[in-house]
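**Q** quick check, what structure comes out for this input:
(chains A and B)
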Amino acid sequence: MIPFLDIPMQALFGQLLLGLINGSFYALLSLGLAVIFGLLNIINFTHGAQYMLGAFVAWMLLNYLGIGYWWALLLAPLIVGASGVVIERLLISRLYKLDHIYGLLLTFGIALIMQGLLRNQYGASGMPYAIPPELAGGQRLSFMFLPNYRAWVIVASVIVCLGTWLLIERTRLGAYLRAATENPGLTQAFGINVPLLVTLTYGFGVGLAALAGVLAAPIYSVNPNMGADIIIVVFAVVVIGGMGSILGAIASGFALGLVEGLTKVFYPEASTTVIFVIMAIVLLVKPAGLFGRTA
Amino acid sequence: MRIVTACAAAALVLCAAVPGSAQEKTLKIGVLNDQSGLYADMGGLGSVAAARLAVEDSGLLEKGWKIEVVGADHQNKPDVASNIARRWFDVDGVDVITDVTNSAVALALSQLAREKNKVELASGAATSELTGKACSPNTIHWTHDTWALANGTGKAIVETGGDTWFFMTADYAFGHALERDTEAVVLKSGGKVLGKVLTPLNTADFSSFLLQAQGSGAKIVGLANSGVDTSNSIKQAAEFGIVDGGQKLAGLLVYITDVHAAGLPIAQGLILESAFYWDLNEGSRAFSERFAKAMNGRKPSMVQAGVYSSIIHYLKAVEALGGDSKDGAAVVAKMKSMPTEDIAMGKGEIRVDGRKIHDMYLFEVKKPSESKGPWDYYTLRSTIPAAEAFRPLDQGGCPLVVN
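**A** The predicted structure follows:
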């Protein structure tokens, strides 16, 4: 094959594919964040902890109750989503009238508490969670070895992202949701229960984070810090995509995964910073983000 | 009235005089390490618990000494660590700082301890620079170092046919030192290094780097990293079929907590070097049992055992000096003059360059079928005697060594 800047094309394809896999996680997480920000106007800093919680619930289901991966994929988002509903009703709902910063502080605090409690109980190294036997092994493609599980992550993530997008943009429920985002007072006047819609939306966003957590459990160790490590990057992704923009979150999630993947080939030392460099540039050129409406 | 005042004054004077006359000996031990991040399990609060056990076992509390152990989280940031250490030294009266996981932090604090004439007992840091060019009369490097790891694990692997290497290196002082020392061993033994990649500290996804390692065709993928970085790379290497494809992993610094995190099905067969294993002998088992009681059933890592061992010896030295801990360099000199001995790490000694030497052990990670349960992970392959395990005194370039 033709080498490109000293890197064989083969290796490049492999890295792009890997970038896409990481992008899947970014997309899933930033999607949830965007949905929550769009409707609640809350910057949900607990999102990373809820992603971590998804992985932990999957681990607990397996180790304490013997419930395997596929059921966890369904149950963990429901359980964590329900905990999100409780948090929204009890705490977050009191802050809607206040400045953004209060919501940010509250959710950040909740995240720290969750991480601290789990770290105390399970340590910081993480616990192993095996890849489900149906997805073990991998395919030897012409340019790389692709583990079946990672391929599954891409497929699952694309399906969930598209599904969510369709739900919000193409259904009646989604129309209510968008209406409530635009003008909550008027929407309520039409007889739609906006507070309920808000609560369910938060639960849904949190459930998405938990789903990403279950998907991540077999790849990364189930670790109390896993959310804290990824959430900062995901926030950068959301800012680049445009706060509150569903399509922006999905597209920039996958795109930045690719960019990060490429950086790991050409200048690996910068792979953890490249997203922030892009964020800075985007903010300078287009402050509302690539897909954002001007605030 | 005058009498009353006089009596009151006398009482005050007497009161004030009482504590002074008791000749109380007080010491303060600071455990500074990563308590929340990727190195928190191999050091962290476990090191604080280990230091407390050492204080209990020193027998000094029974003699009326007051010894306090404090701990703090440096978040793997040398600037945060320096701030805490300055406050400890200047304001809180801390005499000795121990553990100091993270080589970048240990190097920074070694300077500071020298400047303030305090003591640094590094257990969780690995860079061999600490007893090389950057050695200090106030620092002792206790448990392991990159030279020892490279010459233990690295050599053993080259000797069994692993002569072409690709390094995955944590991008900071420790990773660079470990890679450098291992590369030297590989080249000296007639091997070749086919490539390397620097990975940012605390990387969640190593797949891209593993793919580069796979592409290099090297027989051995050397993991010059540690903590969660190591367990993640081992897990993901299994996922990407690195080992199935005929390449072998060399974990150059693997703690038992990393094996615990990766799980035996994935970590089995890994060869690693350690200064300590809980199930090594009677003493290590006794220490580990007490440690486990304090730490939720977890077994100690070699770093935590090293913290225990170093504090035991430190307290012996301060006792020999009559309780005078003010002159850090004098305490370290005293420590160097005495042989070390404790239940966790057995017998050893401290060289003039600050390197504590003891036997090192090569272990192989057990197969799941061989393990009796959690923490039963290692089989002893061989013992490297203390005299060979560490860098010869004249090769480190430490200015304290007079040729």
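**Q** only C-alpha atoms from now on, for both contacts and neighbour counts.
**A** OK.
**Q** for the stretch 1-150 of chain A, what lies in contact range of chain B?
**A** Within the stretch 1-150 of chain A, the positions lying close to chain B (C-alpha under 8 Å from any C-alpha of the partner chain) are A:11, A:14-15, A:18, A:119, A:123-128, A:137-138, A:144-147.
**Q** mark which of the residues you listed are part of helices, please.
**A** With helices identified by DSSP state H, the entries of the residues of the stretch 1-150 of chain A next to chain B that belong to them are A:A11, A:G14, A:Q15, A:L18, A:R119.
**Q** B:Y361 and B:L272: what is the separation?
**A** When C-alpha to C-alpha, to the nearest Å is the yardstick, B:Y361 and B:L272 sit 8 Å from each other.
**Q** look at those two and report which has more neighbours.
**A** Neighbours per residue (other C-alpha atoms under 10 Å in any protein chain shown) separate B:Y361 from B:L272, with B:L272 holding more: 26 against 23.
**Q** and whatever helix or strand the more buried one lives in, how far from the chain's centre?
**A** Using DSSP states H and E, the element containing B:L272 is strand B:271-274. On the basis of C-alpha atoms, centre = their mean, to the nearest Å, the separation between the geometric centre of strand B:271-274 and that of its chain is 14 Å.
**Q** residues of the stretch 101-250 of chain B that sit close to chain A?
**A** B:171, B:197-200, B:204-205, B:207-209, B:211-212, B:215, B:227-228, B:232, B:235-236, B:239-241.
**Q** restricted to helices, list those.
**A** With DSSP H as the criterion, helices contain B:S207, B:S208, B:F209, B:L211, B:Q212, B:G215, B:V228, B:N232, B:K235, B:Q236, B:E239 from among these.
**Q** what is the most widely separated pair among the residues you listed?
**A** The most widely separated members of those, counting by C-alpha to C-alpha, are B:G215 and B:V228 (24.1 Å).
**Q** who in the stretch 151-295 of chain A is up against chain B?
**A** On the criterion C-alpha under 8 Å from any C-alpha, chain B has as its neighbours in the stretch 151-295 of chain A the residues A:219-221, A:225-226, A:229, A:261, A:264-265, A:268-272.
**Q** narrow the residues you listed to those in helices?
**A** The members of those that map onto helices under DSSP H are A:M226, A:D229, A:G261, A:K264, A:V265.
**Q** nearest to B:S325, of the residues you listed?
**A** Of all these, the one sitting nearest B:S325 is A:D229; the distance, using C-alpha to C-alpha, is 41.0 Å.
**Q** contact partners for that closest one?
**A** B:A204 (C-alpha atoms under 8 Å, 6 or more residues apart in numbering or on different chains).
**Q** do the same with the one 10 residues further on
**A** Residues near A:V239 by C-alpha under 8 Å, 6+ apart: A:M279, A:A288, A:G289.
**Q** can you select the buried ones from those residues in ChimeraX?
**A** The ChimeraX command for the buried members of the contacts of A:V239 (criterion: 16 or more other C-alpha atoms under 10 Å in any protein chain shown) is given here:
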select /A:279,288,289
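**Q** quick check, nearest of the contacts of A:V239 to B:Q247?
**A** B:Q247 has its nearest neighbour among these in A:M279, at 38.4 Å by C-alpha to C-alpha.
**Q** contacting residues around stretch A:218-226?
**A** A:48-49, A:52, A:55-56, A:59, A:115-116, A:118-119, A:122-131, B:37, B:204-205, B:232, B:235-236, B:261-262.
**Q** pLDDT on it, on average?
**A** On average, the pLDDT along stretch A:218-226 is 86.
**Q** and it, how far out from the chain middle?
**A** Here the centre of stretch A:218-226 is set off from its chain's centre by 14 Å, with C-alpha atoms, centre = their mean.
**Q** show me the contacts of A:V239 that map onto helices.
**A** Checked against DSSP H, those include these in helices: A:M279.
**Q** make CSV from the contacts of A:V239 and add pLDDT to it.
**A** Formatted as CSV, the contacts of A:V239 follow (pLDDT from 0 to 100):
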residue, pLDDT
A:M279, 93
A:A288, 85
A:G289, 86
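**Q** among the contacts of A:V239, which one sits closest to B:R290?
**A** Nearest to B:R290 among the contacts of A:V239: A:M279, at 50.1 Å, using C-alpha to C-alpha.
**Q** my read: that closest one touches A:A236, true?
**A** Yes - proximity of A:M279 to A:A236 meets the contact threshold set by C-alpha atoms under 8 Å, at 6.1 Å.
**Q** tell me which residue in the stretch 101-250 of chain A sits closest to chain B.
**A** In the stretch 101-250 of chain A, the residue that lies nearest chain B is A:M127 (4.9 Å; C-alpha to the nearest C-alpha).
**Q** quick one, what contacts that residue?
**A** Applying C-alpha under 8 Å, 6+ apart to A:M127 gives the contacts A:S221, A:V222, A:N223, B:H260, B:A261, B:A262, B:G263.
**Q** go on, B:E68?
**A** Remark: with contacts taken as C-alpha under 8 Å, 6+ apart, B:E68 is in contact with B:T26, B:L27, B:K28, B:I29.
**Q** most neighbours, which of the residues you listed?
**A** With neighbours taken as other C-alpha under 10 Å, the top of the contacts of B:E68 is B:I29, carrying 23 neighbours.
**Q** in a helix, that's where that residue is, yeah?
**A** No - with DSSP: H, G, I helix; E, B strand; the rest coil as the criterion, B:I29 is located in strand rather than a helix.
**Q** how near is the spatially closest residue to it that is not a sequence neighbour to chain A?
**A** The spatially closest residue to B:I29, leaving aside those adjacent along the chain, is B:V69, at 4.8 Å (C-alpha to C-alpha, 6 or more residues apart in numbering or on different chains). As for B:V69, its distance to chain A is 20 Å (criterion: C-alpha to the nearest C-alpha, to the nearest Å).
**Q** and B:V69, how many neighbours?
**A** As a burial measure, the neighbour count of B:V69 was computed by other C-alpha under 10 Å and equals 17.
**Q** what secondary structure does it sit in?
**A** Classification of B:V69 using three-state DSSP returns strand.
**Q** which residues touch it?
**A** For B:V69, the residues meeting the contact criterion (C-alpha under 8 Å, 6+ apart) are B:K28, B:I29, B:G30, B:V31, B:V48, B:A51, B:R52.
**Q** rerun at 6 Å
**A** Applying C-alpha atoms under 6 Å, 6 or more residues apart in numbering or on different chains, one finds that B:V69 lies in contact with B:K28, B:I29, B:G30.
**Q** what do you get for A:A136?
**A** By C-alpha under 6 Å, 6+ apart, no residues touch A:A136.
**Q** now with 7 Å, please.
**A** Counting by C-alpha atoms under 7 Å, 6 or more residues apart in numbering or on different chains, A:A136 touches A:N148, A:Y149.
**Q** A:A151 versus A:L74, what's the distance?
**A** Taken as C-alpha to C-alpha, the spacing of A:L74 relative to A:A151 amounts to 19 Å.
**Q** which of the two has more neighbours?
**A** When A:L74 is set against A:A151 and neighbours are counted by other C-alpha under 10 Å, the residue ahead is A:A151, at 18 against 15.
**Q** quick check on that one: phi, psi?
**A** Dihedral pair for A:A151: phi -60, psi -40, per degrees, to the nearest 10.
**Q** pLDDT score for it?
**A** Reading off the per-residue confidence, A:A151 sits at a pLDDT of 91.
**Q** from A:R140, how far out is it?
**A** Separation of A:A151 from A:R140 (C-alpha to C-alpha): 12 Å.
**Q** likewise B:G191?
**A** Note on B:G191: its distance to A:R140, by C-alpha to C-alpha, is 29 Å.
**Q** who has more neighbours, the two?
**A** With neighbours defined as other C-alpha under 10 Å, B:G191 and A:R140 compare such that B:G191 has more, 18 against 11.
**Q** any idea of the pLDDT on the more buried one?
**A** The model reports B:G191 with a pLDDT of 91.
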